[in-house]
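Colleague: just coords:
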């Protein structure tokens with residue numbers, strides 16, 4: 001049954017993405033000070049919210065995707 005194994009691999013890859021995205025060396029790249037703005041928002045804050053949003057969206061997609069086991073899905077009465 002490859003479903004749960006693939007899902008756990010995706011979660012592991014997402015963990016690595018999170019560690020890299022929020023690591024201090026990468027955050028230093030986006031810390032341009034208050035003079036660097038994107039749509040009136042400092043670049044570091046813009047990056048943090050964008051990376052956090054991408055992390056949450058990817059987690060939602062991974063967790064909500066069916067794993068192919070067919071066991072825990074509720075039956076629908078149509």
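Modeller: Sure thing, it's come through. Given the structure is predicted, the values throughout are model-derived calculations rather than measurements.
Colleague: buried stuff in the lengthiest helix in the chain?
Modeller: In the chain, taking DSSP state H as the definition, the longest helix is helix 43-64. By neighbour count with 16 or more other CB atoms under 10 Å, helix 43-64 contains the buried residues 43-44, 46-47, 51, 55, 58, 62. (C-beta placed from N, C-alpha, C; glycine too.)
Colleague: what's the distance between the one helix or strand in the chain whose mean pLDDT sits lowest and the middle of its chain?
Modeller: Scoring the helices and strands of the chain by mean pLDDT, DSSP states H and E places strand 37-38 at the bottom, with a mean of 80. How far strand 37-38 lies from its chain's middle: 23 Å, per CA atoms, centre = their mean, to the nearest Å.
Colleague: Run me through the strand neighbours of that strand, direction for each.
Modeller: Strands flanking strand 37-38 in the sheet, each with its direction: strand 41-42 (antiparallel) (DSSP bridges).
Colleague: which residues are contacting the strand it pairs with?
Modeller: Here strand 41-42 makes contact (CB atoms under 8 Å, 6 or more residues apart in numbering) with 32-34, 36.
Colleague: Among those, which one has the most neighbours?
Modeller: residue 32 (14 neighbours; other CB atoms under 10 Å).
Colleague: list the contacts for residue 36?
Modeller: Counting by CB under 8 Å, 6+ apart, residue 36 touches 42-43.
Colleague: Fine by me, thanks again.
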